[in-house]
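**Student:** Sequence plus predicted model, see below.
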Amino acid sequence: MENIKFYLIKGGRILQNMILKDIISAKANKDELFLLRTNVKSLMLSWRITRTPYLLSIILVYFSYIAMPGLTFNSLPEYEESVVSLIGYTNLVISLVIFSLLAIRRVLDVNQKWISGFVIVAGIYTLYTNYLNYLPPILEITYTEDSLITNMSVNLNILVVGLLILSLFPSNEYNNDYGLSNCIEKVGSSFIRIDYGGFEQFLDEFSLYKILPILKKSLSLELFNWKGRISRGELIYYYIVYQFMVLLLVILIYSIGTILPTILLKNIFLSSIVAIFLIWCFIYLLKVLILRLHDSYSSAFWLFGVFIPYVNVYVLYLILFKGSWRYIDASAISDNISH
């Protein structure tokens, strides 16, 4: 890749002259707060979403509509009927708002407003059928011997089908007043592109030999080095390493249980080994999640969103589905939009 120089200007002075290939090779985002502000600004200013992230988002929101009430009640020790009703209506309203925002962004990306008719027709049909067939309560809870099952009375299947139809239309290749085209985002005075492809290339290059360097780093002080990036495909390698470590733990526990005769000494060793492994798992998982977020040009602070309902669905999208970022030449972009 050819060297492209850009300048960070503050207070009328050039603070830093950097070469883009050096940034890419460093593969690290050091200012997490700046990165978080950039992520939020991009969500607010860019009102376009291409087919792949749109399709993934619709599917995630639909499954969250089904599963979120159950996850919420499983975390509550006890609840009243009024709480059940409140959570049911809240789940419906939030899901419909997110569906609407995604549909608007998709229409603006295609730049053909007539395709919104699919969603309008599906929405009218959904409203009509639910009005005729609706039986309160909006959220039903049933108990089994081992679990709790929730069911939303409002059926959104037809609406989701109408929303999914919008993913069939190709994006407009030109920039417009609503954002940049082709998954391009503006970051300060520079531009990045989120790539959602590359899975076939990952399969072609897949090799178990790539697991050994990861295992070696995970068992050394490199475990605490959180600089770098992990693509979606590379998560497979890190998962294999985790499973390998679990296998080693099982073998080690079995060996200690066989060799050591003293019960007290055996329990101390086993408890210590399990505690060390749990600490290793926490650090290992945290590192993997942060590096994956950085690869999607997202701040590590998004991890706090895991504990917030519905925000955790977006965090799941960032970690598992959002593509890898790369810098692109600003000269290749038509500067015809203000943001």
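**Tutor:** Perfect, I can see it now.
**Student:** and the one helix or strand residue 129 maps to, what does it pack onto?
**Tutor:** In the assignment (DSSP states H and E), residue 129 maps to helix 116-133. Other elements packing on helix 116-133 under the criterion 3 or more CB pairs under 8 Å, 6 or more residues apart in numbering; DSSP states H and E are helix 81-110, helix 157-165. C-beta: built from backbone N, CA, C; applies to glycine.
**Student:** Residue 321: which of these is closest?
**Tutor:** Across the helices and strands packed on helix 116-133, residue 321 has its closest neighbour in helix 81-110 (13.9 Å, CB to CB).
**Student:** Can you mark which positions in stretch 166-184 are buried?
**Tutor:** Across stretch 166-184, burial judged by 16 or more other CB atoms under 10 Å covers 166-167, 169, 171-172, 175, 178-184.
**Student:** now do stretch 237-257
**Tutor:** The neighbour-count check on stretch 237-257 (16+ other CB under 10 Å) flags 237, 238, 241, 242, 245, 249, 253 as buried.
**Student:** In contact with the last one, which residues?
**Tutor:** Under the criterion of CB atoms under 8 Å, 6 or more residues apart in numbering, the contact partners of residue 253 comprise 270, 273, 274.
**Student:** what pLDDT does the second one get?
**Tutor:** I take that to be residue 273. Note on residue 273: pLDDT of 84.
**Student:** and the helix or strand containing it, how far from the chain's centre?
**Tutor:** Following DSSP H and E, one finds residue 273 within helix 263-295. Here helix 263-295 is found 24 Å from its chain centre; the criterion is CA atoms, centre = their mean, to the nearest Å.
**Student:** do the same with stretch 52-62
**Tutor:** With CA atoms, centre = their mean, you get 11 Å for stretch 52-62.
**Student:** Quick check: mean pLDDT of it?
**Tutor:** For stretch 52-62, the mean per-residue pLDDT is 92.
**Student:** This protein: helices as residue ranges?
**Tutor:** Here the chain has its helices, by DSSP state H, at 20-26, 32-45, 51-74, 81-110, 116-133, 157-165, 199-205, 211-218, 234-259, 263-295, 311-320.
**Student:** Next, the buried residues of the second one.
**Tutor:** Applying a neighbour-count criterion of 16+ other CB under 10 Å, the buried positions in helix 32-45 are 32, 35, 38, 39, 42.
**Student:** Show me what it is packed up against.
**Tutor:** strand 184-187.
**Student:** Listing partners with orientation, what would you give for the strand it packs on?
**Tutor:** Sheet partners assigned to strand 184-187 using DSSP bridges are listed as strand 190-195 (antiparallel).
**Student:** Model confidence score at the nearest residue to residue 297 once chain neighbours are set aside, please.
**Tutor:** Nearest residue to residue 297, sequence neighbours excluded (CB to CB, 6 or more residues apart in numbering): residue 325, at 3.9 Å. The per-residue pLDDT reported for residue 325 equals 84.
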